[in-house]
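Next come a sequence and a model predicted from it.
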Amino acid sequence: MFLQFIRHQNKAWIKLLGILLLWLSLCTLLLMHYGLNFPSALIDSVVFSLFLLLGFMLLENIFRFYLPTKSNVILVFILPFILSLIILFSGDFLIKWVIPDAFYNADFLNSIFIIRGFIILLIFTAYSLMLNFQGKLEEQAEAEEREVKMQQMAKESELYQLRQQLQPHFLFNSLNSISALVKAQPDRAREMVLQLSDFLRGTIQKEANKWIKVEEEISFLNLFTDIEKVRFGHRLQVVFKVEEGINELKLPHLMVQPLLENAIKHSLYGLTGEVSIEVDFRKKEKNLEVIITNPFDPKAGQAKGAGFGLEAVRRRLFLIFGRYDLLKTNASSQQFTVELLIPQLS
């Protein structure tokens, strides 16, 4: 603490010198008040003040590299006691050697010997307890910081894993469609390859930039929709509705795409004819709300793999915001609705 003050404070030596001068003045005046002459009082104050400073620095260096545990906490009291004895006898010997005989008041100095030792012991014990308490706080803060970093690393790892699970899921479907189109419709297969390339390039480039604007997310969704339209042809129609003034709102990259993919599966599985899906971006209070509505036939059952996107997005939302209430679903007899709420980071 004493050494940290010197290291981290600007003009610390000036402040320290001022404190020392004030301390020496008070000690000298106190000794003179009890009958010691000025030269002896000044020498006594200087000698024991220097010993106190050395004791402070010694204790601080000890507790910086070694903090007593519960089993040996007695060291917090033993070290100050030993140090107090050393300083008390060393200081008394030095004073008798330095102060001239003409100014030396042996009776007075002997009378305050025990009192002085008790005061030094109290000062060093209090300082040791303070250093030990500060060290425990720093250890606790470091442990909490490590825990936070470990949790953050685990969270980022799980988020990355979720995205890696979602990407192949979509990629395999697209490659299967391209494979089916290569012989029958090579032009459409080529078009789908280019669209898939643009989509994947965008996802890779945006990996580091996790939050993007609404208009950027919609551009990726359009690419994704174009790819799906190549797969399903005229049967699939996706309508994007964007409320005015929300393009500056942001959301985690590719948060909506798994939900849209899930909606397409729900809509096309077990239904015939054209399917229209609505993706509505709007502002709800200060947050971004995305509502995806698609036709749904509960009697047709669930498509293979459907539902994984919902759970992945729900888990991703929890890892980012720590909340499970940001994704809601509602299934009626003919319609399936997903409501996604994205809190805006200040």
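Yes, it's here. Numbering: from 1, shown residues only.

Model confidence at the residue nearest to V338 when sequence neighbours are not counted, what's the number?
Distances taken as CB to CB, 6 or more residues apart in numbering put I292 closest to V338, at 4.5 Å, once the chain neighbours are dropped. In short, each C-beta sits where N, CA and C put it, glycine included. I292 carries a pLDDT score of 95 in this model.

For I292, list each beta-bridge partner.
V279, V338 (DSSP bridges).

For it, grab the count of nearby residues.
21 (other CB atoms under 10 Å).

Hmm, it is touching L259, no?
Yes - I292 lies in contact with L259 (CB atoms under 8 Å); the separation is 5.4 Å.

got any residues that touch both of the two?
By CB atoms under 8 Å, 6 or more residues apart in numbering, I292 and L259 have these common neighbours: V338, L340.

any weak-confidence spans in the stretch 151-300 of the chain?
For the stretch 151-300 of the chain, applying pLDDT under 70 flags the ranges 152-170, 202-209, 269-271, 298-300.

redo that, cut-off 80
151-174, 176-177, 180-181, 183-185, 188, 198-210, 230-234, 266, 268-273, 296-300 (pLDDT under 80).

Which parts of it are strands?
Assigned by DSSP state E, counting those that start in this stretch, the strands in the stretch 151-300 of the chain fall at 211-213, 236-242, 250-252, 275-284, 287-295.

now the ones you listed in JSON lines, with distance to F220?
Shown next, in JSON lines, are the strands of the stretch 151-300 of the chain (distance: least, CB to CB, whole Å):
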{"stretch": "strand 211-213", "distance to F220": "8"}
{"stretch": "strand 236-242", "distance to F220": "12"}
{"stretch": "strand 250-252", "distance to F220": "11"}
{"stretch": "strand 275-284", "distance to F220": "12"}
{"stretch": "strand 287-295", "distance to F220": "13"}
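
Looking at those, which is nearest to N61?
strand 211-213 (46.9 Å; CB to CB).

So what touches the closest one?
Applying CB under 8 Å, 6+ apart, the set of residues contacting strand 211-213 is K206, N247, E248, L249, K250, L251, P252, H253, L345.

at 7 Å what do you get?
K206, N247, E248, K250, L251, P252, H253 (CB atoms under 7 Å, 6 or more residues apart in numbering).

now swap in stretch 93-100 and tell me
Under the criterion CB under 7 Å, 6+ apart, residues S40, I43, D44, V47, Y104, L109 lie in contact with stretch 93-100.

since we're on Q140, how many residues are nearby?
For Q140, using other CB under 10 Å, the count is 10.

Quick check: which element contains it?
Element membership of Q140 [criterion: DSSP states H and E] is helix 113-184.

rewinding a little: which of the contacts of stretch 93-100 has the most neighbours?
Greatest neighbour count in the contacts of stretch 93-100, by other CB under 10 Å, goes to D44: 25 neighbours.

what residues go with each domain of this structure?
Domains of the chain are assigned by automatic domain parsing as 2-146, 185-342.

Just put these in JSON lines and tack on distance to S177.
As requested, those are exported to JSON lines (distance: least, CB to CB, whole Å):
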{"stretch": "domain 2-146", "distance to S177": "47"}
{"stretch": "domain 185-342", "distance to S177": "4"}
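
Of those domains, which stretch is the most buried?
Each of the domains of the chain was scored by mean neighbour count; the highest is domain 185-342, a mean of 16, by mean count of other CB atoms under 10 Å.

residue contacts, the nearest residue to L131 once chain neighbours are set aside?
Of all residues not flanking L131 in the chain, F63 sits nearest, at 4.2 Å (CB to CB, 6+ apart). The neighbours of F63, taking CB under 7 Å, 6+ apart as the test, are L131, N132, G135.

Closest one of those to L317?
If you rank the contacts of F63 by distance to L317 using CB to CB, G135 comes first, at 39.9 Å.

Which neighbouring residues are in contact with the closest residue to that closest one other than its chain neighbours, exactly?
Using CB to CB, 6+ apart and skipping residues adjacent in sequence, the residue nearest G135 is L67, 4.5 Å away. L67 is in contact with N132, G135, K136, E139, counting by CB under 7 Å, 6+ apart.

I'd like the contacts of strand 211-213 laid out as CSV, including distance to I74.
Formatted as CSV, these follow (distance: CB to CB, whole Å):
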residue, distance to I74
K206, 59
N247, 67
E248, 63
K250, 57
L251, 58
P252, 54
H253, 57
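
V238: which of those residues is nearest?
Using CB to CB, the contacts of strand 211-213 come closest to V238 at L251, 17.9 Å.

doesn't E217 make contact with the closest one?
Yes - taking contacts as CB atoms under 7 Å, L251 lies within contact range of E217: 6.0 Å.

residues shared between the contacts of those two?
Shared contacts of L251 and E217 (CB under 7 Å, 6+ apart): none.

How about the backbone phi and psi for I246?
Dihedral angles of I246 (phi, psi; degrees, to the nearest 10) stand at phi -110, psi 0.

Ok, S332 next?
In terms of degrees, to the nearest 10, the main-chain angles of S332 are phi -110, psi -170.
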